[in-house]
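Participant: how would this look folded up:
(one chain, ligands or ions: 1)
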Amino acid sequence: MPQFRTLRGMRDFLPKDAKKMRYVEVVARDLARLYGYGEIITPVVEHYDILAAKSGEEIRERMYAFTDMGGRRVALRPEFTASIARLVATKMRHEPKPMKLFCAGSLYRYDEPQHGRFREFWQANYELIGSSKPEADAEILTLTYDLIERLGFRNYWVKIGHVGILRGILAQEGIAEEQQNTIMQLLDKKRLDEALTVTRESGASQSCVATLKKLLETRGKDVFQVLKETKRVVEDYESAVAAVENLREILELTRESGVKFETLIEAGFARGLEYYTGMIFESCVPEFEIALAGGGRYDKLIELFGGEPTPALGVAQGIDRLVLAMKKQKVSPKVPEENKVMIIPVGEELKTKAFELSLKLRNTKIPAEVEMMGRTVSKALSDADRRRVTHAVIVGPEELREERVVLRDMKKRKQRVVEIQNLSKEILRGPN
Ligand code: AMP
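Facilitator: As a prediction, the model looks like this:
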(Lines give C-alpha, C1' and ligand atoms only; values in the text may rest on other atoms or scores of the structure.)
Protein backbone atom coordinates (compact mmCIF):
# COMPACT_ATOMS: atom_id res chain seq x y z
CA MET A 1 0.00 0.00 0.00
CA PRO A 2 1.63 3.31 -1.02
CA GLN A 3 1.86 6.03 1.63
CA PHE A 4 0.20 9.15 0.30
CA ARG A 5 2.40 11.68 1.96
CA THR A 6 5.66 13.44 1.22
CA LEU A 7 8.95 12.08 2.47
CA ARG A 8 10.28 13.48 5.74
CA GLY A 9 11.98 16.84 5.14
CA MET A 10 10.31 17.23 1.70
CA ARG A 11 7.47 19.68 1.14
CA ASP A 12 4.68 20.47 -1.28
CA PHE A 13 4.25 24.15 -1.99
CA LEU A 14 0.60 25.02 -2.52
CA PRO A 15 -0.11 28.14 -4.62
CA LYS A 16 0.14 30.63 -1.73
CA ASP A 17 3.49 29.31 -0.54
CA ALA A 18 4.85 28.66 -4.01
CA LYS A 19 4.15 32.30 -4.82
CA LYS A 20 6.28 33.46 -1.88
CA MET A 21 9.18 31.19 -2.85
CA ARG A 22 9.04 32.42 -6.45
CA TYR A 23 8.80 36.02 -5.28
CA VAL A 24 12.09 35.77 -3.38
CA GLU A 25 13.64 33.93 -6.31
CA VAL A 26 12.52 36.65 -8.73
CA VAL A 27 13.86 39.45 -6.50
CA ALA A 28 17.15 37.54 -6.20
CA ARG A 29 17.35 37.03 -9.98
CA ASP A 30 16.60 40.67 -10.64
CA LEU A 31 19.39 41.63 -8.27
CA ALA A 32 21.75 39.36 -10.22
CA ARG A 33 20.83 41.27 -13.36
CA LEU A 34 21.45 44.63 -11.68
CA TYR A 35 24.90 43.52 -10.54
CA GLY A 36 25.82 41.91 -13.88
CA TYR A 37 25.64 38.25 -12.83
CA GLY A 38 24.70 35.92 -15.70
CA GLU A 39 22.41 33.03 -14.86
CA ILE A 40 23.58 29.46 -15.35
CA ILE A 41 21.58 26.28 -14.90
CA THR A 42 23.43 23.16 -13.79
CA PRO A 43 22.13 19.60 -13.31
CA VAL A 44 20.58 18.40 -10.06
CA VAL A 45 22.43 15.08 -10.39
CA GLU A 46 26.23 15.07 -10.65
CA HIS A 47 29.10 12.61 -10.18
CA TYR A 48 29.43 11.87 -6.49
CA ASP A 49 33.17 12.59 -6.59
CA ILE A 50 32.64 16.13 -7.89
CA LEU A 51 30.11 16.97 -5.20
CA ALA A 52 32.14 15.27 -2.46
CA ALA A 53 35.49 16.75 -3.52
CA LYS A 54 35.73 19.49 -0.97
CA SER A 55 32.34 20.02 0.55
CA GLY A 56 33.33 19.22 4.13
CA GLU A 57 32.59 16.06 6.03
CA GLU A 58 29.28 17.25 7.35
CA ILE A 59 27.70 17.77 3.94
CA ARG A 60 29.45 14.75 2.46
CA GLU A 61 27.82 12.47 5.00
CA ARG A 62 24.39 13.90 4.27
CA MET A 63 24.37 13.60 0.50
CA TYR A 64 21.60 11.75 -1.32
CA ALA A 65 24.06 9.42 -3.06
CA PHE A 66 23.23 6.38 -5.13
CA THR A 67 24.38 4.25 -8.02
CA ASP A 68 22.51 5.01 -11.25
CA MET A 69 21.39 2.38 -13.75
CA GLY A 70 24.67 2.76 -15.62
CA GLY A 71 26.57 1.80 -12.50
CA ARG A 72 27.86 5.34 -11.85
CA ARG A 73 28.18 6.70 -8.33
CA VAL A 74 26.06 9.86 -8.41
CA ALA A 75 24.39 12.25 -5.95
CA LEU A 76 21.80 15.00 -5.80
CA ARG A 77 23.60 18.32 -5.44
CA PRO A 78 23.90 19.47 -1.80
CA GLU A 79 25.18 22.90 -2.89
CA PHE A 80 25.93 24.81 -6.10
CA THR A 81 29.56 25.70 -5.57
CA ALA A 82 31.01 22.34 -6.67
CA SER A 83 29.08 22.43 -9.98
CA ILE A 84 30.22 26.00 -10.59
CA ALA A 85 33.84 25.13 -9.84
CA ARG A 86 33.54 22.25 -12.32
CA LEU A 87 32.22 24.61 -15.01
CA VAL A 88 34.86 27.26 -14.38
CA ALA A 89 37.61 24.63 -14.53
CA THR A 90 36.27 23.18 -17.80
CA LYS A 91 33.77 24.79 -20.22
CA MET A 92 34.21 28.29 -18.91
CA ARG A 93 37.96 28.24 -18.34
CA HIS A 94 38.67 30.78 -21.08
CA GLU A 95 35.98 33.26 -20.10
CA PRO A 96 37.33 36.71 -19.21
CA LYS A 97 37.59 37.53 -15.53
CA PRO A 98 35.91 38.53 -13.36
CA MET A 99 33.22 36.01 -14.11
CA LYS A 100 29.94 36.72 -12.34
CA LEU A 101 27.47 33.87 -12.14
CA PHE A 102 24.04 33.42 -10.64
CA CYS A 103 22.03 30.25 -10.16
CA ALA A 104 18.90 29.33 -8.27
CA GLY A 105 17.22 26.02 -7.62
CA SER A 106 16.73 23.11 -5.29
CA LEU A 107 19.40 21.36 -3.24
CA TYR A 108 19.31 18.14 -1.24
CA ARG A 109 20.82 17.27 2.13
CA TYR A 110 19.82 14.49 4.48
CA ASP A 111 19.70 16.98 7.36
CA GLU A 112 17.62 16.38 10.47
CA PRO A 113 14.41 18.28 9.65
CA GLN A 114 13.50 21.13 11.97
CA HIS A 115 12.16 24.64 11.68
CA GLY A 116 14.00 26.20 8.71
CA ARG A 117 15.92 23.01 7.95
CA PHE A 118 14.64 20.75 5.23
CA ARG A 119 15.97 17.93 3.08
CA GLU A 120 15.01 19.72 -0.11
CA PHE A 121 15.57 23.46 -0.03
CA TRP A 122 16.24 26.31 -2.43
CA GLN A 123 19.12 28.68 -2.75
CA ALA A 124 19.89 31.74 -4.83
CA ASN A 125 23.59 31.66 -5.39
CA TYR A 126 25.98 34.38 -6.55
CA GLU A 127 29.61 33.61 -7.45
CA LEU A 128 32.33 36.10 -8.32
CA ILE A 129 35.29 34.39 -9.94
CA GLY A 130 38.73 35.70 -10.80
CA SER A 131 39.40 38.55 -8.42
CA SER A 132 41.44 38.33 -5.22
CA LYS A 133 40.86 42.00 -4.43
CA PRO A 134 38.88 43.22 -1.44
CA GLU A 135 36.56 44.95 -3.94
CA ALA A 136 35.20 41.52 -4.84
CA ASP A 137 34.54 40.62 -1.20
CA ALA A 138 32.93 44.02 -0.69
CA GLU A 139 30.64 43.44 -3.68
CA ILE A 140 29.40 40.10 -2.35
CA LEU A 141 28.69 41.71 1.01
CA THR A 142 26.93 44.63 -0.65
CA LEU A 143 24.82 42.29 -2.71
CA THR A 144 23.82 40.35 0.41
CA TYR A 145 22.81 43.60 2.11
CA ASP A 146 20.93 44.70 -1.00
CA LEU A 147 18.82 41.54 -1.19
CA ILE A 148 17.80 41.75 2.47
CA GLU A 149 16.90 45.41 2.06
CA ARG A 150 14.93 44.80 -1.13
CA LEU A 151 12.93 42.07 0.56
CA GLY A 152 12.03 44.63 3.22
CA PHE A 153 13.64 43.21 6.35
CA ARG A 154 13.84 45.64 9.23
CA ASN A 155 15.97 43.78 11.71
CA TYR A 156 19.04 41.78 10.63
CA TRP A 157 22.80 41.67 10.94
CA VAL A 158 25.76 40.11 9.17
CA LYS A 159 28.24 38.00 11.12
CA ILE A 160 31.72 38.20 9.61
CA GLY A 161 35.01 36.44 10.15
CA HIS A 162 38.08 35.35 8.20
CA VAL A 163 39.26 31.75 7.87
CA GLY A 164 42.80 33.04 7.39
CA ILE A 165 42.99 34.12 11.03
CA LEU A 166 42.52 30.65 12.50
CA ARG A 167 44.25 28.81 9.68
CA GLY A 168 47.17 31.23 9.85
CA ILE A 169 47.73 30.40 13.51
CA LEU A 170 47.27 26.65 13.12
CA ALA A 171 49.51 26.46 10.04
CA GLN A 172 52.32 28.37 11.74
CA GLU A 173 52.08 25.83 14.57
CA GLY A 174 52.67 23.08 12.00
CA ILE A 175 49.18 21.57 12.28
CA ALA A 176 48.24 19.56 9.18
CA GLU A 177 45.31 20.67 7.03
CA GLU A 178 43.21 17.68 7.94
CA GLN A 179 43.48 18.45 11.62
CA GLN A 180 42.85 22.11 10.91
CA ASN A 181 39.58 21.04 9.25
CA THR A 182 38.55 19.01 12.30
CA ILE A 183 39.29 21.98 14.57
CA MET A 184 37.33 24.39 12.32
CA GLN A 185 34.37 22.01 12.22
CA LEU A 186 34.29 21.74 16.02
CA LEU A 187 34.44 25.52 16.27
CA ASP A 188 31.61 25.83 13.76
CA LYS A 189 29.49 23.59 15.98
CA LYS A 190 30.45 25.71 18.99
CA ARG A 191 32.25 22.74 20.60
CA LEU A 192 35.04 25.02 21.80
CA ASP A 193 36.56 22.80 24.49
CA GLU A 194 36.87 19.89 22.10
CA ALA A 195 38.40 22.19 19.47
CA LEU A 196 41.03 23.33 21.96
CA THR A 197 41.74 19.74 23.03
CA VAL A 198 42.33 18.66 19.42
CA THR A 199 44.58 21.70 18.95
CA ARG A 200 46.60 20.73 21.99
CA GLU A 201 46.82 17.11 20.90
CA SER A 202 47.95 18.14 17.44
CA GLY A 203 51.10 19.53 19.01
CA ALA A 204 50.24 23.24 19.25
CA SER A 205 52.23 25.30 21.74
CA GLN A 206 50.82 26.48 25.05
CA SER A 207 50.81 30.06 23.79
CA CYS A 208 48.91 29.03 20.65
CA VAL A 209 46.11 27.52 22.74
CA ALA A 210 46.05 30.70 24.85
CA THR A 211 45.88 32.82 21.67
CA LEU A 212 42.99 30.73 20.32
CA LYS A 213 41.09 31.05 23.57
CA LYS A 214 41.47 34.80 23.51
CA LEU A 215 40.53 34.91 19.85
CA LEU A 216 37.31 33.02 20.45
CA GLU A 217 36.31 35.67 22.94
CA THR A 218 37.10 38.48 20.53
CA ARG A 219 33.80 39.52 19.04
CA GLY A 220 31.57 42.54 18.92
CA LYS A 221 29.67 45.06 16.85
CA ASP A 222 32.20 47.87 16.93
CA VAL A 223 33.88 46.57 13.78
CA PHE A 224 37.15 48.47 13.71
CA GLN A 225 37.69 48.18 17.47
CA VAL A 226 37.26 44.38 17.30
CA LEU A 227 39.67 44.19 14.37
CA LYS A 228 42.26 46.21 16.28
CA GLU A 229 41.93 43.91 19.24
CA THR A 230 42.12 40.81 17.05
CA LYS A 231 45.29 42.08 15.46
CA ARG A 232 46.84 42.47 18.88
CA VAL A 233 45.80 38.96 19.93
CA VAL A 234 47.34 37.33 16.84
CA GLU A 235 50.39 39.58 16.52
CA ASP A 236 52.86 36.64 16.64
CA TYR A 237 51.26 34.99 13.62
CA GLU A 238 52.18 36.73 10.39
CA SER A 239 49.51 35.37 8.06
CA ALA A 240 46.80 35.76 10.70
CA VAL A 241 47.74 39.45 10.91
CA ALA A 242 47.48 39.68 7.11
CA ALA A 243 44.01 38.12 7.30
CA VAL A 244 42.85 40.72 9.82
CA GLU A 245 44.22 43.46 7.55
CA ASN A 246 42.33 41.98 4.60
CA LEU A 247 39.10 41.97 6.58
CA ARG A 248 39.66 45.59 7.60
CA GLU A 249 40.12 46.64 3.97
CA ILE A 250 36.95 44.81 2.88
CA LEU A 251 34.87 46.35 5.63
CA GLU A 252 36.26 49.81 5.09
CA LEU A 253 35.30 49.61 1.43
CA THR A 254 31.82 48.36 2.22
CA ARG A 255 31.17 50.92 4.92
CA GLU A 256 32.55 53.88 3.04
CA SER A 257 30.40 53.14 0.01
CA GLY A 258 27.30 53.57 2.16
CA VAL A 259 26.29 50.01 2.94
CA LYS A 260 24.93 50.21 6.43
CA PHE A 261 24.19 46.87 7.95
CA GLU A 262 24.82 45.92 11.51
CA THR A 263 28.01 43.87 11.55
CA LEU A 264 29.10 41.38 14.16
CA ILE A 265 32.77 40.49 13.90
CA GLU A 266 33.74 37.11 15.28
CA ALA A 267 37.45 36.46 15.04
CA GLY A 268 37.01 32.76 15.80
CA PHE A 269 34.08 32.25 13.41
CA ALA A 270 34.53 29.13 11.25
CA ARG A 271 31.91 28.10 8.71
CA GLY A 272 31.48 24.37 8.15
CA LEU A 273 32.66 24.13 4.57
CA GLU A 274 36.30 23.15 4.20
CA TYR A 275 36.87 25.08 1.02
CA TYR A 276 36.82 28.58 2.47
CA THR A 277 40.13 30.41 2.46
CA GLY A 278 39.33 34.04 3.30
CA MET A 279 36.47 36.20 4.50
CA ILE A 280 33.40 34.25 5.60
CA PHE A 281 30.00 35.57 6.63
CA GLU A 282 26.41 34.73 7.45
CA SER A 283 23.33 36.93 7.49
CA CYS A 284 21.05 36.54 10.48
CA VAL A 285 17.73 37.71 11.91
CA PRO A 286 16.75 37.63 15.59
CA GLU A 287 13.82 35.27 14.90
CA PHE A 288 16.14 32.45 13.78
CA GLU A 289 19.12 30.76 15.36
CA ILE A 290 20.26 29.57 11.96
CA ALA A 291 21.63 31.77 9.18
CA LEU A 292 19.59 33.04 6.22
CA ALA A 293 22.62 33.11 3.96
CA GLY A 294 26.21 32.03 4.04
CA GLY A 295 29.20 32.87 1.97
CA GLY A 296 32.88 33.45 1.71
CA ARG A 297 36.08 33.26 -0.30
CA TYR A 298 37.36 29.97 -1.68
CA ASP A 299 40.57 30.66 -3.59
CA LYS A 300 41.75 27.04 -3.93
CA LEU A 301 38.58 25.35 -5.09
CA ILE A 302 38.86 25.88 -8.87
CA GLU A 303 42.36 24.35 -8.82
CA LEU A 304 40.99 21.32 -7.08
CA PHE A 305 38.76 20.77 -10.09
CA GLY A 306 41.75 20.90 -12.42
CA GLY A 307 41.43 24.58 -13.35
CA GLU A 308 44.03 27.32 -13.23
CA PRO A 309 44.60 28.75 -9.75
CA THR A 310 41.63 31.13 -9.60
CA PRO A 311 40.54 33.31 -6.69
CA ALA A 312 36.80 33.24 -6.12
CA LEU A 313 34.04 33.91 -3.67
CA GLY A 314 30.30 33.63 -3.39
CA VAL A 315 27.17 33.70 -1.30
CA ALA A 316 24.29 31.26 -0.99
CA GLN A 317 20.98 32.80 0.02
CA GLY A 318 18.54 30.33 1.55
CA ILE A 319 15.22 31.07 -0.17
CA ASP A 320 13.16 28.92 2.24
CA ARG A 321 14.58 30.69 5.27
CA LEU A 322 14.15 34.12 3.71
CA VAL A 323 10.46 33.31 3.16
CA LEU A 324 10.04 32.07 6.74
CA ALA A 325 11.84 35.10 8.16
CA MET A 326 9.71 37.47 6.05
CA LYS A 327 6.64 35.90 7.59
CA LYS A 328 8.05 36.31 11.09
CA GLN A 329 8.98 39.94 10.53
CA LYS A 330 5.60 40.49 8.84
CA VAL A 331 7.27 41.67 5.67
CA SER A 332 4.95 41.16 2.75
CA PRO A 333 6.00 40.79 -0.88
CA LYS A 334 5.81 44.05 -2.78
CA VAL A 335 3.56 42.91 -5.59
CA PRO A 336 0.86 45.14 -7.02
CA GLU A 337 -2.73 43.89 -6.74
CA GLU A 338 -3.73 42.27 -9.99
CA ASN A 339 -7.07 42.05 -11.71
CA LYS A 340 -8.57 38.59 -11.93
CA VAL A 341 -11.47 38.10 -14.30
CA MET A 342 -14.01 35.27 -14.49
CA ILE A 343 -16.06 35.01 -17.67
CA ILE A 344 -19.45 33.41 -17.19
CA PRO A 345 -21.46 32.34 -20.25
CA VAL A 346 -25.19 32.45 -19.53
CA GLY A 347 -25.98 29.50 -21.80
CA GLU A 348 -24.29 26.55 -23.51
CA GLU A 349 -24.28 28.31 -26.89
CA LEU A 350 -22.25 31.23 -25.50
CA LYS A 351 -19.27 29.11 -24.41
CA THR A 352 -17.30 29.87 -27.57
CA LYS A 353 -17.81 33.57 -27.12
CA ALA A 354 -16.61 33.31 -23.48
CA PHE A 355 -13.45 31.55 -24.66
CA GLU A 356 -12.90 34.15 -27.36
CA LEU A 357 -13.22 36.97 -24.80
CA SER A 358 -10.81 35.27 -22.39
CA LEU A 359 -8.16 35.12 -25.13
CA LYS A 360 -8.68 38.80 -25.91
CA LEU A 361 -8.30 39.79 -22.26
CA ARG A 362 -5.15 37.72 -21.78
CA ASN A 363 -3.71 39.37 -24.89
CA THR A 364 -4.05 42.67 -23.06
CA LYS A 365 -2.27 41.10 -20.04
CA ILE A 366 -5.41 40.71 -17.95
CA PRO A 367 -5.63 37.30 -16.20
CA ALA A 368 -8.91 35.73 -17.27
CA GLU A 369 -10.64 32.41 -16.69
CA VAL A 370 -13.79 30.89 -18.14
CA GLU A 371 -16.40 29.27 -15.88
CA MET A 372 -16.22 25.56 -16.58
CA MET A 373 -18.32 23.81 -13.97
CA GLY A 374 -21.66 24.42 -15.73
CA ARG A 375 -22.84 26.62 -12.85
CA THR A 376 -25.76 29.02 -13.00
CA VAL A 377 -24.81 32.72 -13.04
CA SER A 378 -25.62 33.24 -9.35
CA LYS A 379 -23.66 30.13 -8.28
CA ALA A 380 -20.79 31.15 -10.54
CA LEU A 381 -20.75 34.61 -8.95
CA SER A 382 -20.55 33.27 -5.41
CA ASP A 383 -17.76 30.95 -6.51
CA ALA A 384 -15.98 33.95 -8.06
CA ASP A 385 -16.27 35.73 -4.72
CA ARG A 386 -14.66 32.81 -2.94
CA ARG A 387 -11.76 32.88 -5.38
CA ARG A 388 -11.22 36.60 -4.89
CA VAL A 389 -12.00 37.36 -8.50
CA THR A 390 -11.99 41.14 -9.09
CA HIS A 391 -14.35 41.23 -12.11
CA ALA A 392 -16.96 38.92 -13.52
CA VAL A 393 -17.91 39.21 -17.18
CA ILE A 394 -21.37 37.83 -17.80
CA VAL A 395 -21.97 36.88 -21.43
CA GLY A 396 -25.71 36.93 -22.07
CA PRO A 397 -27.60 36.65 -25.41
CA GLU A 398 -29.33 40.02 -25.27
CA GLU A 399 -26.25 42.12 -24.58
CA LEU A 400 -24.23 40.06 -27.03
CA ARG A 401 -26.60 40.95 -29.85
CA GLU A 402 -25.36 44.52 -29.41
CA GLU A 403 -21.70 43.44 -29.00
CA ARG A 404 -21.90 44.09 -25.27
CA VAL A 405 -21.41 42.15 -22.00
CA VAL A 406 -22.14 42.76 -18.32
CA LEU A 407 -19.07 43.76 -16.32
CA ARG A 408 -19.43 43.23 -12.57
CA ASP A 409 -17.07 44.72 -10.05
CA MET A 410 -16.94 41.99 -7.43
CA LYS A 411 -15.68 44.17 -4.59
CA LYS A 412 -18.22 46.97 -5.06
CA ARG A 413 -20.94 44.53 -6.07
CA LYS A 414 -21.90 46.88 -8.90
CA GLN A 415 -22.37 46.03 -12.55
CA ARG A 416 -22.77 47.81 -15.83
CA VAL A 417 -23.15 46.96 -19.50
CA VAL A 418 -20.03 47.65 -21.56
CA GLU A 419 -19.04 47.44 -25.22
CA ILE A 420 -16.93 44.32 -25.88
CA GLN A 421 -14.40 46.41 -27.74
CA ASN A 422 -13.86 48.50 -24.57
CA LEU A 423 -13.84 45.58 -22.11
CA SER A 424 -10.09 45.63 -21.26
CA LYS A 425 -10.12 49.39 -20.92
CA GLU A 426 -13.14 49.26 -18.62
CA ILE A 427 -11.53 46.59 -16.42
CA LEU A 428 -8.28 48.54 -16.18
CA ARG A 429 -10.17 51.75 -15.47
CA GLY A 430 -11.10 50.31 -12.10
CA PRO A 431 -14.39 50.62 -10.26
CA ASN A 432 -16.95 53.18 -11.42
P1 AMP B 1 25.44 26.50 3.32
O2 AMP B 1 25.45 26.02 1.90
O3 AMP B 1 25.39 25.38 4.33
O4 AMP B 1 26.47 27.54 3.57
O5 AMP B 1 24.04 27.23 3.50
C6 AMP B 1 23.73 28.45 2.91
C7 AMP B 1 22.28 28.77 3.18
O8 AMP B 1 21.46 27.76 2.61
C9 AMP B 1 21.92 28.74 4.66
O10 AMP B 1 22.18 29.97 5.27
C11 AMP B 1 20.44 28.44 4.59
O12 AMP B 1 19.68 29.61 4.35
C13 AMP B 1 20.34 27.54 3.41
N14 AMP B 1 20.30 26.13 3.87
C15 AMP B 1 21.32 25.29 4.08
N16 AMP B 1 20.89 24.08 4.48
C17 AMP B 1 19.54 24.16 4.54
C18 AMP B 1 18.49 23.24 4.88
N19 AMP B 1 18.75 21.99 5.23
N20 AMP B 1 17.22 23.69 4.83
C21 AMP B 1 16.93 24.95 4.46
N22 AMP B 1 17.87 25.85 4.12
C23 AMP B 1 19.15 25.48 4.16
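Participant: what's the first helix or strand after whatever helix or strand residue 20 lives in?
Facilitator: Following DSSP states H and E, one finds residue 20 within helix 15-35. Next helix or strand after helix 15-35 toward the C-terminus (DSSP H and E): strand 38-39.
Participant: measure stretch 53-68 end to end?
Facilitator: 19 Å (Cα to Cα, to the nearest Å).
Participant: is any part of that stretch close to the ligand?
Facilitator: No - Stretch 53-68 is not in contact with the ligand by Cβ under 6 Å from any ligand atom; minimum separation 7.0 Å. For the C-beta atoms, the positions are set from N, CA and C on the backbone; glycine is no exception.
Participant: tell me if the helix holding residue 20 is near the ligand.
Facilitator: No - against the ligand, helix 15-35 shows no contacts by Cβ under 6 Å from any ligand atom, the least distance being 11.1 Å.
Participant: for the residue of the stretch 301-432 of the chain found nearest the ligand, phi and psi?
Facilitator: The stretch 301-432 of the chain approaches the ligand most closely through residue 318 (1.7 Å), counting by Cβ to the nearest ligand atom. Residue 318 has phi and psi values of phi -80, psi 110 when expressed as degrees, to the nearest 10.
Participant: what score does the residue of the stretch 51-200 of the chain found nearest the ligand have for pLDDT?
Facilitator: With Cβ to the nearest ligand atom, the shortest gap between the stretch 51-200 of the chain and the ligand falls at residue 121, namely 3.4 Å. pLDDT recorded at residue 121 is 98.
Participant: quick one: contacts for it?
Facilitator: Counting by Cβ atoms under 8 Å, 6 or more residues apart in numbering, residue 121 touches 106-107, 109, 318-320.
Participant: so which of those belong to strands?
Facilitator: Using DSSP state E, the subset of the contacts of residue 121 located in strands is 106-107, 318.
Participant: which of the residues you listed are buried?
Facilitator: 107, 318 (16 or more other Cβ atoms under 10 Å).
Participant: can I get the ones in strands among the contacts of residue 121 in a markdown table with distance to residue 427 and pLDDT?
Facilitator: Output for the ones in strands among the contacts of residue 121, formatted as a markdown table (distance: Cβ to Cβ, whole Å; pLDDT from 0 to 100):
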| residue | distance to residue 427 | pLDDT |
| --- | --- | --- |
| 106 | 37 | 98 |
| 107 | 41 | 97 |
| 318 | 39 | 98 |
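Participant: list the contacts for residue 186?
Facilitator: By Cβ under 8 Å, 6+ apart, residue 186 lies in contact with 192, 194-195, 198.
Participant: cutoff 7 Å now
Facilitator: When contacts are counted by Cβ atoms under 7 Å, 6 or more residues apart in numbering, residue 186 touches 194-195, 198.
Participant: which parts of the chain sit against the ligand?
Facilitator: 79, 109, 111, 116-118, 121, 123, 291-294, 316, 318, 320-321.
Participant: restricted to strands, list these.
Facilitator: 121, 123, 293-294, 316, 318.
Participant: out of those residues, which is nearest to residue 309?
Facilitator: Checking those against residue 309 by Cβ to Cβ gives residue 316 as the nearest, at 23.0 Å.
Participant: domain map for this protein?
Facilitator: Domain ranges of the chain: 15-328, 341-429, per automatic domain parsing.
Participant: closest to residue 335 out of these?
Facilitator: domain 15-328 (6.7 Å).
Participant: and the closest one, how far apart are its ends?
Facilitator: First residue to last in domain 15-328 (Cα to Cα) measures 19 Å.
Participant: and what of stretch 58-74?
Facilitator: By Cα to Cα, one end of stretch 58-74 lies 18 Å from the other end.
Participant: use 889 as the first number for this chain going forward.
Facilitator: Got it, the first residue is 889 from now on, which makes the last one we talked about stretch 946-962.
Participant: what residues does that stretch touch?
Facilitator: Residues contacting stretch 946-962 (Cβ under 7 Å, 6+ apart): 933-936, 939-940, 963-964, 966-967, 996-999, 1073, 1160.
Participant: so which of those residues sit within helices?
Facilitator: Among these, the members falling in helices are 936, 939-940, 1073 (criterion: DSSP state H).
Participant: in CSV: the residues you listed, plus pLDDT and neighbour count.
Facilitator: Formatted as CSV, the ones in helices among the contacts of stretch 946-962 follow (pLDDT from 0 to 100; neighbours: other Cβ atoms under 10 Å):
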residue, pLDDT, neighbour count
936, 96, 17
939, 93, 25
940, 90, 20
1073, 84, 21
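Participant: hey, what's the residue in the stretch 1039-1188 of the chain that the ligand sits nearest to bridged with?
Facilitator: At 3.3 Å from the ligand, residue 1182 is the closest residue in the stretch 1039-1188 of the chain, using Cβ to the nearest ligand atom. Beta-bridge partners for residue 1182, by DSSP bridges, are residue 1170, residue 1204.
Participant: coming back round to it: and which of the ones in strands among the residues of the chain next to the ligand is nearest residue 1234?
Facilitator: residue 1009 (48.4 Å).
Participant: so what's the closest one bridging to?
Facilitator: Applying DSSP bridges, one finds that residue 1009 bridges with residue 995.
Participant: give me the mean pLDDT for the helix or strand harbouring residue 1214.
Facilitator: Per DSSP H and E, residue 1214 falls inside helix 1207-1216. On average, the pLDDT along helix 1207-1216 is 96.
Participant: the next helix or strand after it pairs with which strands?
Facilitator: Next helix or strand after helix 1207-1216 toward the C-terminus (DSSP H and E): strand 1229-1233. Sheet pairing of strand 1229-1233 (DSSP bridges) gives strand 1256-1258 (parallel), strand 1279-1283 (parallel).
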